[in-house]
Structure formats: structure tokens, C-alpha cells
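K.L.:
Sequence and predicted structure, then a few things I'm wondering about:
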Amino acid sequence: MEMTVNKNGAELTMKLSGRLDTLAAPSMTEKLDELLADGVSKFVLDMGDCDYVASSGLRAIISAQKKMNSLQGTMIVKNVIGDVMEVFDMTGFSDILTFE
């Protein structure tokens, strides 16, 4: 998986490409732990090029949501492809996360 990060003031955007699986999720969590602590009030997770999410990836995403909640910020997940959205729907994450 590849992660592209762009920070513009208090807004952080992370674009994922590839598979958010057991190998990639810890890297994502580690990167977000450093970046979300730095005055971020809005986090945008662009999943347009992410074609697979494992349970470890779901944990990384929900961890980011919890971090943004604790910072009283917002998190938006956007450009989710159909197969990945089905995973969010089946796990109930579609009721917890904000999608665009």
C-alpha cells in the first residue's frame, strides 16, 4: 500500500493506494499518530485507489476516527469503491464514519 499525505493548515489528507491489510495497517496507524497530534482539526481519508480493507485496516480507520473525536475534529472518508464500501456496510462502520 502507498500513502500520500498532504497537510494544508489544520486539514490533513491521506490518500491510500493498494491494499489496507495486515502489513499496511500498522504503518498507517503509526503515521497518523504522529500527524494527527499536530493541530489537525479535519482529516480526510481518500480511499479512491484502495481496493481492499482487512480487519486490521478497519481498526486503523476506527482508531483515526477516535483520535479525531478526542481532538474535537472531523474525519471524512471519501471516494470509497463498491467492494470496500460493502465491507464498511457489513461491519457497521458505515454508521460510524462520515462518507463523501
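P.N.:
Everything's here; your move. Computed from a predicted structure; not experimentally measured.
K.L.:
got the residue ranges for the helices in this structure?
P.N.:
Counting by DSSP state H, the segments of the chain that form helices are 25-35, 55-70, 82-91.
K.L.:
Quick one: closest of those to Lys7.
P.N.:
Nearest of these to Lys7, taken as CB to CB: helix 25-35 at 7.0 Å. Every C-beta, even on glycine, is put in place using the N, C-alpha and C of the backbone.
K.L.:
which intervals of the chain have sub-threshold pLDDT?
P.N.:
38 (pLDDT under 70).
K.L.:
For the helices of the chain, state which one has the densest average packing.
P.N.:
Burial of those is given as mean neighbour count (mean count of other CB atoms under 10 Å); helix 55-70 ranks first at a mean of 17.
K.L.:
coming back round to it: in CSV: the helices of the chain, plus distance to Gly18.
P.N.:
Output for the helices of the chain, formatted as CSV (distance: least, CB to CB, whole Å):
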stretch, distance to Gly18
helix 25-35, 11
helix 55-70, 11
helix 82-91, 12
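K.L.:
Report the spatially nearest residue to Thr29, omitting neighbours in sequence.
P.N.:
Excluding its sequence neighbours, the residue lying closest to Thr29 (CB to CB, 6 or more residues apart in numbering) is Ala60, at 4.7 Å.
K.L.:
what about the longest strand in the chain?
P.N.:
In the chain, with assignment by DSSP state E, the single longest strand is strand 42-53.
K.L.:
Flag every buried residue along that strand.
P.N.:
Judged by neighbour count (16 or more other CB atoms under 10 Å), strand 42-53 contains these buried residues: Phe43, Val44, Leu45, Asp46, Met47, Cys50, Val53.
K.L.:
strand partners of that strand, parallel vs antiparallel please.
P.N.:
strand 11-20 (parallel), strand 74-78 (parallel) (DSSP bridges).
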